[in-house]
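Chemist: Coordinates only, no sequence provided:
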Ligand SMILES: [Zn+2]
């Protein structure tokens, strides 16, 4: 069967993250029917093995579900595959389909299907299976000419401050100042695009006025650049905003202000949001920090930041520095376990793949990404050193109703994958 035949079989089975049992059963069935030995771990990762594998192919089998994913209607427009009514799931269904097609053709091969990647790399982070091969080819890339050899590590830094409130006198008016519908973006791949954080824009405005802080909140997720932020303040003078992108209105509010509100405003204002170092070789940020979410829950202010770096030392430095920064205003702080970076290391496997790419493309290149990649995380669960590389066909607008896949790129990458397996 062709890669596209397998993709159609996969598409007939809903496989939304956290609801992957049916797909899991189907993968096990197909693998067994092709003569593969199958192991499944407690997170639903599936390892299929036959003969003496030199390489392990890998893809995640859950997908982001938007629209009517129970009845996906595929459309082929020329050589572009899309759907009428839902996400396509070429991310990462095309990778899975290439794996099935290779399992059919080769006798010495290993294939790892990971679970719940789209909801925080859950399968890869909890992998309990040992891969036999010492080379891993991940098929979750989205641009056919790119060969990924590294990714950033990430740690979340959470700071909490117990708030003390004091009564306002009646000489002040209360204002709400808001930064709404800013651009937003991913805290990794978009962090170097000059996108203004709503929390930063709001705090830059607040330091320009003589105000008392009553309330502040902003941001949506730790790993996204804040789109919205709002503060409630008391002021004796009428507030005229300097930044025209913000809005102010007089509101009714509880007549209590936060005792150290000025320190909080200054902390957000002086926080160096965004890129802290640049990797010239791969033309991506090497270290970054994102002030993602600010919330007040009861009497506690919680500040959540996402740190990323391409080197372990830099990752721990920026996480520790962020802790110290917020400790200065009296916060207690903690770091999440996070994941270590997959440091770019171009070995013999990457060179073999580059050679295969150069037979097809004249502008293939090694890349690293300032975000977490699944294979970068899962190789760290293995007891032996594994050389990993990530590639894939061209997929546009993944995780949306517009998702589409270039079928010519599927053919080219499918052939490249076969050549790589044969070349080992
Ligand atoms: Zn994916």
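Modeler: On my side now, so go ahead. All of these numbers come straight from a predicted model, not from anything done at the bench. Residues are numbered from 1 along each chain as shown.

Chemist: Enumerate the residues of the stretch 101-250 of the chain near the ion.
Modeler: Neighbours of the ion within the stretch 101-250 of the chain, by CB under 5 Å from the ion: residue 140. The way it works is simple: take the backbone N, C-alpha and C, and place the C-beta from them, glycine included.

Chemist: ok and the residue in the stretch 101-250 of the chain nearest the ion?
Modeler: residue 140 (4.4 Å; CB to the ion).

Chemist: contacting residues for that residue?
Modeler: Residue 140 makes contact with 58, 59, 60, 91, 92, 95, 117, 373, 374, 375, 390, 392 under the criterion CB atoms under 8 Å, 6 or more residues apart in numbering.

Chemist: Return the subset of these lying in strands.
Modeler: When DSSP state E defines the strands, the subset of the contacts of residue 140 inside them is 58, 59, 60, 390.

Chemist: list the buried ones in the lengthiest strand in the chain?
Modeler: Counting residues, the longest strand found in the chain (DSSP E) is strand 284-297. Using 16 or more other CB atoms under 10 Å as the test for burial, strand 284-297 gives 284, 285, 286, 287, 288, 289, 290, 291, 292, 293, 294, 296.

Chemist: quick one: average pLDDT of that strand?
Modeler: Mean per-residue pLDDT for strand 284-297: 98.

Chemist: and what of stretch 180-194?
Modeler: Regarding stretch 180-194, the rounded mean pLDDT is 95.

Chemist: Could I get the buried residue list for that stretch?
Modeler: The neighbour-count check on stretch 180-194 (16+ other CB under 10 Å) flags 182, 184, 185, 186, 187, 188, 190, 191 as buried.

Chemist: same question, stretch 238-254
Modeler: Buried, per 16+ other CB under 10 Å, within stretch 238-254: 239, 246, 248, 253.

Chemist: okay, how far is it across that stretch, tip to tip?
Modeler: 19 Å (CA to CA, to the nearest Å).

Chemist: Run through who's touching it.
Modeler: Residues outside stretch 238-254 that contact it (CB under 8 Å, 6+ apart): 173-180, 182, 201-202, 204-205, 208-209, 211, 214-215, 232-233.

Chemist: would you turn the buried residues of stretch 238-254 into a markdown table with secondary structure?
Modeler: Formatted as a markdown table, these follow (DSSP: H, G, I helix; E, B strand; the rest coil):
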| residue | secondary structure |
| --- | --- |
| 239 | coil |
| 246 | coil |
| 248 | strand |
| 253 | coil |
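
Chemist: Which members of those are the farthest-apart pair?
Modeler: Using CB to CB, the two most remote members of the buried residues of stretch 238-254 are 246 and 253, lying 17.8 Å apart.

Chemist: Buried ones in stretch 114-122, by neighbour count?
Modeler: Residues 114, 115, 116, 117, 118, 121, 122 are the ones in stretch 114-122 that count as buried (16+ other CB under 10 Å).

Chemist: isn't the second one right next to residue 122, touching?
Modeler: What that stands for is residue 115. Yes: using CB atoms under 8 Å, residue 115 is in contact with residue 122, at 6.9 Å.

Chemist: re earlier: could you flag which of the ones in strands among the contacts of residue 140 are buried?
Modeler: Using 16+ other CB under 10 Å, the buried ones in the ones in strands among the contacts of residue 140 are 58, 59, 60, 390.

Chemist: Now for these: which two are most distant?
Modeler: So, these by CB to CB: farthest apart are 60 and 390, at 11.7 Å.

Chemist: need the buried ones among the ones in strands among the contacts of residue 140 in JSON lines with pLDDT and distance to the ion, can you?
Modeler: Below are these laid out as JSON lines (pLDDT from 0 to 100; distance: CB to the ion, whole Å):
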{"residue": "58", "pLDDT": "98", "distance to the ion": "11"}
{"residue": "59", "pLDDT": "98", "distance to the ion": "8"}
{"residue": "60", "pLDDT": "98", "distance to the ion": "6"}
{"residue": "390", "pLDDT": "97", "distance to the ion": "10"}
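
Chemist: For the residues you listed, could you give me a markdown table that also reports distance to residue 364?
Modeler: Below are those laid out as a markdown table (distance: CB to CB, whole Å):
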| residue | distance to residue 364 |
| --- | --- |
| 58 | 20 |
| 59 | 20 |
| 60 | 24 |
| 390 | 13 |
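
Chemist: Go through those residues and say which is closest to residue 163.
Modeler: With CB to CB as the yardstick, the closest approach to residue 163 among those comes from residue 60, at 41.4 Å.

Chemist: gap between the closest one and residue 180?
Modeler: 35 Å (CB to CB, to the nearest Å).

Chemist: quick one, helices of the chain?
Modeler: Along the chain, the stretches classed as helices by DSSP state H are 3-11, 21-33, 90-105, 122-125, 198-206, 261-270, 312-327, 348-360, 374-378, 407-423.

Chemist: Now render the ones you listed as JSON lines, adding mean pLDDT.
Modeler: Shown next, in JSON lines, are the helices of the chain (pLDDT from 0 to 100):
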{"stretch": "helix 3-11", "mean pLDDT": "97"}
{"stretch": "helix 21-33", "mean pLDDT": "98"}
{"stretch": "helix 90-105", "mean pLDDT": "98"}
{"stretch": "helix 122-125", "mean pLDDT": "94"}
{"stretch": "helix 198-206", "mean pLDDT": "98"}
{"stretch": "helix 261-270", "mean pLDDT": "98"}
{"stretch": "helix 312-327", "mean pLDDT": "98"}
{"stretch": "helix 348-360", "mean pLDDT": "96"}
{"stretch": "helix 374-378", "mean pLDDT": "92"}
{"stretch": "helix 407-423", "mean pLDDT": "97"}
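
Chemist: Could you dump those into CSV and include distance to residue 276?
Modeler: Listed next are the helices of the chain as CSV, based on distance: least, CB to CB, whole Å:
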stretch, distance to residue 276
helix 3-11, 41
helix 21-33, 40
helix 90-105, 30
helix 122-125, 25
helix 198-206, 15
helix 261-270, 14
helix 312-327, 6
helix 348-360, 28
helix 374-378, 20
helix 407-423, 35
